[in-house]
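Asker: next one to model:
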Amino acid sequence: MPNIITLKNINKVYGTTIKTQVLNNINLSFEEGSFNSIIGASGSGKSTLLNIMGTLDNPTDGEVFIDSKRTDTMNKNELADLRNQTIGFIFQFHYLLPEFTCLENVLMPYQIQSSKLTKDHINRAEELLDLVGLSNVKNNLATNMSGGQQQRTAIARALMNNPKIVLADEPTGNLDSESTENIYQLMRDINKKFNTTFIIITHDKGIAEKADRIVEIIDGKVKMEMELGS
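Answerer: Purely as a prediction, here's the structure:
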């Protein structure tokens, strides 16, 4: 499979007077359709790395290629379009909009792109909610769902624009063990069904070891890469 993300000589330094180097000469690539985990202690640079892959942050130097496009030289509008069309995000805190229903939250990525909703888009959102097992609560406000349901809503939202890549930062960090296993299995099913590339930051050893590949980050450097098989 071709690489869908490539990072070349990535460095990230914060601060001007007092400089802190968070990432140090990172070289990584991720194959299209792969399921990857990134592990490392708090403060190791994992989230910074994920934010750079998601174009939410820029490297201090180095080159970033997403779906064959170099992103570190793009302007804000180009980056926003790329994110909306190519990347889905799942965070530890689901960031659902509390005043909107489950269905309305899932539709949000499309509405950012276009204010005109069609029946086809609503049907897609409803199909995604069926996929994640939430059809029966689609009209519930976000605040009237359990933690596991809220995170499954966030997964459906991440898939709304049919992204090639899903980036997940501790997606099961706030969930009990049963919900964690359900969320992992759901992400794995989506990976296989749609050939969606997943890159997941996790402190959960059980989740990490179920990936096709583990990347370990220590002190801003890649210390280990291990292929585990699917």
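Asker: rest of the way, CA atoms for contacts and neighbours
Answerer: Will do.
Asker: could you check the distance from the residue nearest in space to the middle of the chain over to L23?
Answerer: Nearest to the mean C-alpha position of the chain, by CA atoms, centre = their mean, lies L167 at 1.6 Å. With distances taken as CA to CA, to the nearest Å, L167 is found 18 Å from L23.
Asker: N58 too?
Answerer: In this view, N58 and L23 are 12 Å apart by CA to CA.
Asker: repeat for F30
Answerer: In terms of CA to CA, F30 sits 18 Å off from L23.
Asker: the more surrounded of those two?
Answerer: Under the criterion of other CA atoms under 10 Å, the comparison of F30 against L23 puts L23 first, with 25 against 20.
Asker: who's in contact with that one?
Answerer: L23 is in contact with I10, N11, K12, V13, G45, T48, L49, D219, G220, K221, counting by CA atoms under 8 Å, 6 or more residues apart in numbering.
Asker: who wins for most neighbours among the residues you listed?
Answerer: In those, the most neighbours by other CA under 10 Å go to L49, 25 neighbours.
Asker: and the helix or strand hosting E127, what does it pack against?
Answerer: For E127, the host element (DSSP states H and E) is helix 119-131. Packed against helix 119-131, as judged by 3 or more CA pairs under 8 Å, 6 or more residues apart in numbering; DSSP states H and E, are the following elements: helix 102-113, helix 147-159.
Asker: contacts for the longest one next, please.
Answerer: Yep, that's helix 147-159 we're talking about. With contacts defined as CA under 8 Å, 6+ apart, helix 147-159 is touched by 87-90, 94-96, 102, 105-109, 125, 128-129, 132, 134, 142, 166, 171, 174-175, 179, 183.
Asker: avg pLDDT for the helix holding E127?
Answerer: For helix 119-131, the mean per-residue pLDDT is 89.
Asker: for it, the distance to its chain's centre please.
Answerer: The chain centre lies 20 Å from the centre of helix 119-131; the measure is CA atoms, centre = their mean, to the nearest Å.
Asker: re earlier: among the contacts of L23, name the ones in strands.
Answerer: I10, N11, K12, V13, K221 (DSSP state E).
Asker: surely the first one meets D57?
Answerer: This points to I10. No: taking contacts as CA atoms under 8 Å, I10 lies outside contact range of D57: 12.0 Å.
Asker: quick one: D57 and V64 touch, right?
Answerer: No: with contact defined as CA under 8 Å, D57 does not reach V64; the gap is 11.1 Å.
Asker: so between those two, which is more surrounded?
Answerer: Taking neighbours as other CA under 10 Å, D57 and V64 compare with V64 leading, 26 against 14.
Asker: distance of that one from Y184?
Answerer: Remark: distance between V64 and Y184 (CA to CA) = 28 Å.
Asker: try I155
Answerer: I155 is 11 Å from Y184, by CA to CA.
Asker: looking only at neighbour counts, state which of the two leads.
Answerer: More crowded of I155 and Y184, by other CA under 10 Å: I155, with 27 against 18.
Asker: show the average pLDDT along the biggest helix by length in the chain.
Answerer: When the chain is parsed with DSSP state H, its longest helix is helix 177-194. Averaged over helix 177-194, pLDDT sits at 84.
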